[in-house]
Structure formats: structure tokens, C-alpha cells
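J.: Need a 3D model of the sequence below.
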Amino acid sequence: MEEVSVVGRQLNLNGDAISASQGEVGPAEISSWPLLRTGDLMEFVPGMVATQHSGSGKANQYFLRGFNLDHGTDFATFVEGMPVNLRSHGHGQGYTDLNFVIPEMVQRLRYRKGPYYADVGDFSSAGSAHFFLAEELDQGIAELSLGERGYRRGVVANTLGSGSNDLLLALEWQVYDGPWSDISEDVNKLNLLGKYSLDLAGGRAQFTLMSYENQWNSPDQIPERAVAQGIIDPFGSLDTSLGGDTHRYSLSGGWSGAVAGGELSLSGYAIDYDFTLWSNFTYALERPDKGDQFQQRDDRRIYGFELAHQWQREAASWRLGIQGQRDDIDQVGLYQTRERAVLGTVREDRVVEDSLGIFAVNEIQWSDTLRSYVGLRYDIYDFNVNAALEANSGRRSDGRPSLKASLAWRPLPVSEFYLSYGQGLHSNDARGTVIQVDPLTGEAVDAVDPLVASRGFELGARHFVTDQLHATVALWQLDLDSELLFVGDAGNTEASRPSERRGVEVGFYWFASEQISGELEVSYTDGRFADPDPAGVEIPGAIPLVASAALNYNAGDGWFASLHLRHFSAYPLIEDGGVQSGGSSLVNLRVGREFAAWRLQLDLLNALDSKDRDVEYFYPSRLAGESSDGAEDIHYHIFEPRALRASLRYSF
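T.: Residues are numbered from 1 along each chain as shown. This next block holds a predicted model:
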């Protein structure tokens, strides 16, 4: 009999999942969606919004379950077992830049929303995503893409070897000028990938080498009043010398196989990372004579490992694991600059941050219809900061246990219901855990808690009606002891008030035939600060409504097409709700034809040429001629206009 492997949205997770908020996306779905940026891969997570407030080389802004996740805080992301979130980062806690991933090489995406999973610790209160890269390709590919506004991209990939030994090699190169009226993004991105997979010692091993380099100029967010006064147009910039330069080199490896009556898996990684970013959010508010531009630096090495063992005994299974990570940060700094030239140092630090996480999971099949999941986790952190300002040097440690538990009830073969609870956490920036003096003002400040707790609940259901129709629904609540909010005048984040969020999510997945499939996902969230305050209880950046829909068509004779719609509603920009964003809708289209070894594809991005906005903030800034106090205003980054991109692929 022919063996058929089902992966992605069509996979039946009844009897396996522990919540309605987890799922998988396979290569067929990933390759069908037109992507403006690599970070758009995160939008395969239901309810996730990936936007941008700066240049293409910078990490995306993410929104999920009423969180403005900034660049990744409270959502943990992994590629090949390596953490993507960067803690104590120069630009923002949990900084998550996916530009080092080649989308064509992603074999599978596993997402799990909520803090219900014991094998994930830091940054996972809202959820987590794991990207797994392919071991081999069915065919080698060589693809060239051309588009408007200087867009050029090339991808070459192939597998050498066969059977038990496979060497996957891939290269991605991209340049892009962008649609901006007074700045060329001048993106110059290069990705290299080598993955060697082999049978070893009765198991399977992989070794992965990745290299990413990028340079770009940044069209940052702009104030509404500058456009209204005719100083710039919606695609203009007030500081044309912004941008960034980064690299990420990594070596990772892993092995899994049968050991001691169970399954043993072990992995490790080493990452070399460097990042320089020039930003200017307030223009001339702090330094009227020289401008408010600043540089953020991050130069670090990251080392980590994971060891886990799982075994089955009749109706019960156990999994024990340990995870360790060290961030050896040679330099994390903030500097005053003008046209990228350093004028002064605000702060400069050397940081060593260590963590160790231990987890245990027990799953029991109590009957044909009832399963349980219980997980315990303990995380311990050590922060060691050596600051240029001696008063801000210091060492601090903290640890926190977490309990995770779920019940899954399957009264019918097609339906499963879940009750889930989890305690989670996120770590705060190491510098904030030992700070004593504000380096800019010299005033005394209070240090923040090293670890911030969260608690989540969920009642959900998953319905695998037929092979053609699946549906999920989840009612959830998530409480945090402290928020991390964007501070516009500094371009960073700070700890603030406790919060509570609750919401409902539904998803419908339709596989009408081998030719037609579609999906609809809708998420609604009510988010509030949990304590009373005259400022108000609205959470800035908490999007109430997110909806997405996709329709895919494959005629079977070579023709294929897809449509993807994403909408998010207006959301509060200040705590009393008196200033709101405008919300946005975006439509992307793809159509193409395969013939023999060739494939021609056309992507129409922002097909309706929407003038909506990627992201909006409200804070004070100062333009030329304004009073020293400046003016509070909405600052925004507009959608890129409609763009046509053509790709020609040869398979060999």
C-alpha cells in the first residue's frame, strides 16, 4: 500500500494535542502564501499579526491575544531548536528577528498558544512557535524574483546524497530599495544554510550551519502632523540617516534515538550575533540643536543545550528534560548620535546572563476518551552586569516554578474538548534587574523584578468533522504580574502595571478537494490593566479583533492561485482609550503556472492598494519651529503600496 504522510493544517490532532490552541503548518501551506517579508511567516499562527514600523532589515512588530509583543516579548520562537528571542537585547527584550530564515527551507511550523507546555519557559506566556527546516528536497531549485522598486531576490537550494545521509545546501540573496519618497532602503541581505542529516548510533542526527548578514536604511514611523502640514508625504522621513547592520552565524546539532527503553533527544547550539541600529523617534525633543538620533548596539555569543528523555509505560508516558543557555554579551549599549556619528554614550554594559530550566511531564490515557497532561517546570536565572557607570553594575539571581495541566475529553471520534491551565514567565532585561541610577538624568531608580509571572486558563474544542473540514474554538484568559510597554521617546520598553486579558478564538479549515482549500480564523480579545489608575485601564497596542482568511486553488494542470486577507481592528494608543489607531486590512494575491521543470509565479502584494497603516503609536515629539515641549501626536508607518513581483523557478 502507498504510504501517505499528512502534515500541516490537515493533520488530525485529536488524541494528541493538549489544547485547542496548538497546531501545525506544512510546506504546502507555507509555499502557497505570498509573503512581503520573512517575518510574515509568523502570521501562520492563528490570530498573530506581523507588522513593521521601520526598515525591512529590522525584526517585525508582533501582535497576539491582546499583546503588543513589540519585537517578540511574551512569544517564544525557535528555529531548529535554537531560541530566536534575544534577552537583554540592545533594542528590546525578547527581540525576534526571523530574517535569517529562508522561507523555502521551512518544512514545518508548530505553534502552541498559551503557557500550558512544560518544555517552553521564557517569553512563552502568549505562546510559542517552532520552525523546523527540511532535511532534504524532492528536487533542487533555482529561483529568481524581480519586482517593483528595486526588488530582486535569488534562491538556490539542493540536496546532496540520498537515503541515510543528506546534505542540504541553500543560498538566499535579496536587495530592495522600497517605495519611500526620500530614502532608499538599500537592503542587502545574504543567507547561507547547510544542514547535514545522517543515521548515527541507532538514531538520527542533524548538524546545521547558518549564516545571515544584512544592511539597510530605515524609513521609520512618522508623526501625523508632519504629513498634515506638508513637511513630508506619507512615505517620507524626518531623519534620512537611520538604518541598521546585523549578522547572525550559528552552528547547531542534535541527535534522537532509542535509549534505555525510551526516546532520548539531545541538542546544542552556538550563535555569534552582532547588531547596530540607528533610530530617531522624537526628532528634536531632547536635543534641539543636534537632534534625538541614537544608536543601539548588541554584540554577543549565545550557547545552549537541551537534553530530554521520554518513555512509555502502558497507558502513561513520562518526559524529563533540562535546558541551559548562556548569553555572553560583550557590548550592549545606547549612544547619542547624529547622522550615525556617535556624540556621547548614554550607557554601555557587558552582561553575562545564564539560565537553567528543568521540566517533567506526565501524560496518562485514563480511558478511551479521557487523557491528562501534568507538567512541572523550574527556571533559574543569574544576571551579571558590568556597567560603565559603576552604580549600575551588579549581580542578581532568581528562580520560579511553573505548573502546567490539561484534561482532554474525546466523547466522539470527531470531537475533543480541552481544559488547560498554565503558569508562565518572562525574564526582564538584566540591566533593569540591578539598575540604581538613571544614566541620562542621574536620578535614583528602582530595579525591576528579574522574572515576571503569568497565569493562563483555556477551555477549547477541536472538531475533525471529516478529512475535508476541521474547526477549533478556544475561550481563554491570561493574567500578567507586569506588562512591558513601548516607550516612544526612548525607543525601548519598561515594566509597568499588571494586566488581564480574555478572549475567544475560532478557526475553520476546509479542504474541499485536491484542488481547493480555504481557512478562516477570527480572534477577539478584551484586555485591561488589572489595577485602578487615573490614567485609565486600556492597554496600549492591545488589538481587540484580528481576522484572516485564505483561499488556495491548484487546478492539477499546472495552474495555481491563492488569496490571503488579514484584518485587524482599531486599538487603544493610550491608557484612557481617548486616542485610537485606525485599524487596517490587507489583501495579497498569487497566481502561477507550472510546466515541465519550470514554474512562473506572480505575487500582487497589497492588491487593493490600501493606505492603511502597519502600526501606530501615540507619544510626544518635536519638529522644527515647535515649542520645547513638542507635541503629542500619532506616529505611524504606512503600508507599502501595491507591488507586483514575478518569480521564475527551475527545478532540477
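J.: Okay, helices next: where are they in the stretch 101-250 of the chain?
T.: For the stretch 101-250 of the chain, the helices defined by DSSP state H, counting those that start in this stretch occupy 224-228.
J.: And the chain, by the same measure?
T.: Taking DSSP state H as the criterion, the chain contains helices spanning 27-32, 224-228, 430-434.
J.: Among those, show me which one is buried the most.
T.: Mean neighbours per residue, mean count of other C-beta atoms under 10 Å, is largest over the helices of the chain for helix 430-434, with a mean of 23. (C-beta placed from N, C-alpha, C; glycine too.)
J.: that older thread, okay, the helices of the chain in TSV with mean pLDDT next?
T.: Listed next are those as TSV, based on pLDDT from 0 to 100:
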stretch	mean pLDDT
helix 27-32	92
helix 224-228	98
helix 430-434	93
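J.: Tell me how many other residues surround residue 221.
T.: By other C-beta atoms under 10 Å, 25 other residues sit near residue 221.
J.: what's the answer for residue 513, then?
T.: Residue 513, neighbours per other C-beta under 10 Å, totals 10.
J.: Show the contacting residues for it.
T.: residue 468 (C-beta atoms under 8 Å, 6 or more residues apart in numbering).
J.: can you pull the pLDDT of it?
T.: In this model, residue 513 is scored at 92, pLDDT.
J.: The one 4 residues further on too?
T.: pLDDT recorded at residue 517 is 95.
J.: how about a markdown table for the helices of the chain, with distance to residue 635 added?
T.: Output for the helices of the chain, formatted as a markdown table (distance: least, C-beta to C-beta, whole Å):
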| stretch | distance to residue 635 |
| --- | --- |
| helix 27-32 | 33 |
| helix 224-228 | 7 |
| helix 430-434 | 25 |
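J.: so which of those gets nearest residue 206?
T.: Evaluated over the helices of the chain, closeness to residue 206 peaks at helix 27-32, with 17.3 Å, by C-beta to C-beta.
J.: same for that closest one, what does it pack against?
T.: strand 106-113, strand 545-554 (3 or more C-beta pairs under 8 Å, 6 or more residues apart in numbering; DSSP states H and E).
J.: gap between the nearest residue in space to residue 171 that is not next to it in sequence and residue 424?
T.: Spatial nearest neighbour of residue 171, chain neighbours left out: residue 156 (5.0 Å); criterion: C-beta to C-beta, 6 or more residues apart in numbering. With distances taken as C-beta to C-beta, to the nearest Å, residue 156 is found 41 Å from residue 424.
J.: Who has more neighbours out of the two?
T.: More neighbours surround residue 424 than the other of residue 156 and residue 424, with 29 against 15 (other C-beta under 10 Å).
J.: residue contacts, that one?
T.: Residue 424 touches 115, 121, 124, 125, 402, 453, 454, 455, 456, counting by C-beta under 8 Å, 6+ apart.
J.: Just give me the closest of the residues you listed to residue 31.
T.: residue 124 (27.4 Å).
J.: The closest one against residue 78, yeah?
T.: No. Residue 124 lies out of contact with residue 78 (C-beta atoms under 8 Å); the separation is 10.1 Å.
J.: out of those two, which sits in the busier spot?
T.: A direct count of neighbours by other C-beta under 10 Å for residue 124 and residue 78 places residue 124 higher, at 27 against 16.
J.: Need the nearest residue in space to that one, chain neighbours excluded.
T.: residue 76 (4.0 Å).
J.: Surely that neighbour and residue 122 touch.
T.: Yes. Residue 76 is within contact range of residue 122, at 6.6 Å (criterion: C-beta under 8 Å).
J.: Name the residues contacting each of the two.
T.: In contact with both residue 76 and residue 122: residue 85, using C-beta under 8 Å, 6+ apart.
J.: Looking at those two, which is more packed in?
T.: Neighbour count, other C-beta under 10 Å: between residue 76 and residue 122, residue 76 has more, with 27 against 23.
J.: Distance check, that one against residue 183.
T.: Distance from residue 76 to residue 183, by C-beta to C-beta: 34 Å.
J.: now residue 215
T.: 14 Å.
J.: Looking at the two, which one has more neighbours?
T.: For residue 215 and residue 183, the more surrounded residue by other C-beta under 10 Å is residue 183, and the numbers stand at 21 against 18.
J.: What residues does that one make contact with?
T.: Contacts of residue 183 by C-beta under 8 Å, 6+ apart are 217, 218, 219, 237, 240.
J.: So for residue 44, what's the nearest residue that isn't a sequence neighbour?
T.: residue 25 (4.5 Å).
J.: looking at the sheet around the one you found, what are its partners?
T.: As for beta bridges, residue 25 partners with residue 109 under DSSP bridges.
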